[in-house]
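1. sequence and predicted structure, then a few things I'm wondering about:
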Amino acid sequence: MSLKLNPITFQSRKYTPFSLPPMASLRSPKFVVASVLNSGPKEVENVKKPFSPPLEVHVQVTHSMPPQKIELFKNLEDWAEQNVLVHLKPVEKCWQPQDFLPDPASEGFHDQVKELRERAKELPDDYFVVLVGDMITEEALPTYQTMLNTLDGVRDETGASLTSWAVWNRAWTAEENRHGDLLNKYLYLCGRVDMKQIEKTIQYLIGSGMDPRTENSPYLGFIYTSFQERATFISHGNTARHAKEHGDIKLAQICGTIASDEKRHETAYTKIVEKLFEIDPDGTILALADMMKKKISMPAHLMYDGRDNNLFEHFSAVTQRLGVYTAKDYADILEFLVGRWKVEELTGLSGEGRKAQDYVCGLTPRIRRLEERSQSRVKQTRVMPFSWIFDREVKL
Ligand SMILES: [Fe+2]
Ligand SMILES: [Fe+2]
């Protein structure tokens, strides 16, 4: 068997306003190849190795949280048990993908699949691009569990650790696992998409990982997950709304059910950060400002299908155009979190902390102004073929 190596070359990527711009970083905006993740700040110039991830990531900063703060998370174990684990649902009370899909063991299976496919015919190609991108994002779950387990003081040290943090990490993953599973099976049955191209994209993406720049710090990590859970709540909610508008109530139910899980997860993560603000307002506001300066990258920003070097940007452009996830949503999420964590009302901060507070509080209007300016610019209409839908072209 011969192995075909990825033929693309490395290149800097273009960034949408709500993805991962390399500028505006406090640190050097140098890029490294994703395969040097464990080696600390170090730059590698376009070294091409077999199995190298196809896209570039930032210089990797590790263990930026002072080690003495690990104790703080150990001391929060009981608090997390009483305040975070309560947002998990017992397995027996959880929905499963099979609840929303044709039952392969039933007589009516073929008819149910036929109905599903009839309904899917009413949905436009651009909708499928968004739904596929969302499904691929969910399917890269191994990466997100890994990401949670990079965080000092809260990681699952054994794979079956009984600390509250580890129990949460595993149970959160187990709940999330149903999302990609359900969307994947739906898309397989609907007959509208190129499953092999989609599966390749998932394999590339898991192989590439992600670059959230959370530096092993649970402060940064939980701010990131708070933001992301709300972002996925919004986007799955919008794909539900669109499905309903196209007359597919069952698909609307699928997306809406996933969105409600995301909402529950958002509640848990925002509660953790709220607690961090309570016990360490200075450290937490500095972390929030740091994350926002670096910008919150989307979890699947390294996606690649073997063909399109700017696949994530193209997918994002479609989600923006359809209003499924937009730059306005990014600003709305920030505004929501600043309010949720009462950032404006924080008192007793250090000089640096006050600066960070001012920065964060002034950021939403700045993002909105930038967004309005970019909206008012005349845009050329571009179309792009997406391999996920057999290279049919979709407007960006
Ligand atoms: Fe999810
Ligand atoms: Fe989620």
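-> Structure's in. What do you need? Ligands and ions are numbered 1, 2, ... in the order given.
2. closest point of the stretch 101-250 of the chain to ligand 1, which residue?
-> Distances between the stretch 101-250 of the chain and ligand 1 by Cβ to the ion are smallest at residue 179, namely 3.8 Å. For glycine as for every other residue, the C-beta is placed from the backbone atoms N, C-alpha and C.
3. low-confidence stretches in this protein?
-> By pLDDT under 70, the low-scoring segments of the chain are 1-50, 378.
4. show me the helices in it, by range?
-> 70-75, 77-83, 109-120, 125-139, 141-148, 164-190, 195-208, 218-245, 249-279, 281-294, 311-322, 327-340, 351-376 (DSSP state H).
5. give me the neighbour count for the closest residue to the residue of the stretch 101-250 of the chain closest to ligand 1 other than its chain neighbours.
-> Distance criterion Cβ to Cβ, 6 or more residues apart in numbering; nearest residue to residue 179, sequence neighbours excluded, is residue 138 at 4.2 Å. The number of residues packed near residue 138 is 24, by other Cβ atoms under 10 Å.
6. what of residue 222?
-> By other Cβ under 10 Å, the residues close to residue 222 number 24.
7. switch the helices of the chain over to CSV; also include distance to residue 97.
-> Shown next, in CSV, are these (distance: least, Cβ to Cβ, whole Å):
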stretch, distance to residue 97
helix 70-75, 33
helix 77-83, 29
helix 109-120, 13
helix 125-139, 11
helix 141-148, 14
helix 164-190, 4
helix 195-208, 16
helix 218-245, 14
helix 249-279, 9
helix 281-294, 32
helix 311-322, 23
helix 327-340, 26
helix 351-376, 36
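8. so which of those is nearest residue 396?
-> helix 311-322 (4.0 Å; Cβ to Cβ).
9. who are the contact partners of the residue of the stretch 101-250 of the chain closest to ligand 1?
-> 138, 258, 261 (Cβ atoms under 8 Å, 6 or more residues apart in numbering).
10. which ones among the residues you listed also lie next to ligand 1?
-> Among the contacts of residue 179, the ones lying near ligand 1 by Cβ under 5 Å from the ion are residue 138.
11. out of the contacts of residue 179, flag the one nearest to ligand 2.
-> residue 261 (6.8 Å).
12. surely that closest one meets residue 175?
-> Yes: the pair residue 261 / residue 175 is scored as a contact, 6.0 Å apart, by Cβ atoms under 8 Å.
13. what's the closest non-adjacent residue to residue 103?
-> residue 109 (6.2 Å).
14. the one you found reaches residue 116, doesn't it?
-> No: applying Cβ under 8 Å, one finds residue 109 not in contact with residue 116, separated by 10.6 Å.
15. chain neighbours aside, what residue packs nearest to residue 177?
-> The nearest residue in space to residue 177 (Cβ to Cβ, 6+ apart) is residue 141, at 5.9 Å.
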